[in-house]
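Asker: model this:
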Amino acid sequence: MTAYAIAHLQEAAPHPEIAEYIERITATFAPYGGRFLVHATQHEVKEGSWPGHVVVISFPGLAEARAWWDSPAYQEIAPLRSRHIDGDIILVDGVRDTYDPAGTARTMREAMRTP
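Answerer: Residues are numbered from 1 along each chain as shown. Here you go, the predicted model:
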């Protein structure tokens, strides 16, 4: 099942280390089947606030996403970003092609009925 690395990164002043991070990141996730789905694009806020930028990288599965995050190659460049940009980053499983949210609603309704 496809998994994703999702980052919500705050605005930051341009810095040579950030440029280096951006230049090098693809080489760190490519061996794990990762690829950018969202990067350096504009977003439109419909509810709440979402300052900064969104980055989404897809992976074949959560194991590959974790292996990328923990890899020496990524850990070597991560400080180039984290020294200059605050943000939140998660790894998350996607849903199966057959996912039906009605099943989630049924489970929720059943849980509400149980004392």
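
Asker: just the helices in the protein please.
Answerer: 16-29, 62-70, 72-82, 101-113 (DSSP state H).

Asker: JSON lines for these, including mean neighbour count and mean pLDDT?
Answerer: Heads up, the C-betas are built off the backbone N, CA and C, glycines and all. Listed next are the helices of the chain as JSON lines, based on neighbours: other Cβ atoms under 10 Å; pLDDT from 0 to 100:
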{"stretch": "helix 16-29", "mean neighbour count": "15", "mean pLDDT": "98"}
{"stretch": "helix 62-70", "mean neighbour count": "17", "mean pLDDT": "98"}
{"stretch": "helix 72-82", "mean neighbour count": "15", "mean pLDDT": "98"}
{"stretch": "helix 101-113", "mean neighbour count": "9", "mean pLDDT": "92"}
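
Asker: distance to G94 added to those helices, as JSON lines?
Answerer: What follows is these, written out as JSON lines (distance: least, Cβ to Cβ, whole Å):
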{"stretch": "helix 16-29", "distance to G94": "16"}
{"stretch": "helix 62-70", "distance to G94": "9"}
{"stretch": "helix 72-82", "distance to G94": "21"}
{"stretch": "helix 101-113", "distance to G94": "14"}
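
Asker: nearest to R35, out of those helices?
Answerer: Nearest to R35, of all the helices of the chain, is helix 16-29, at 7.5 Å by Cβ to Cβ.
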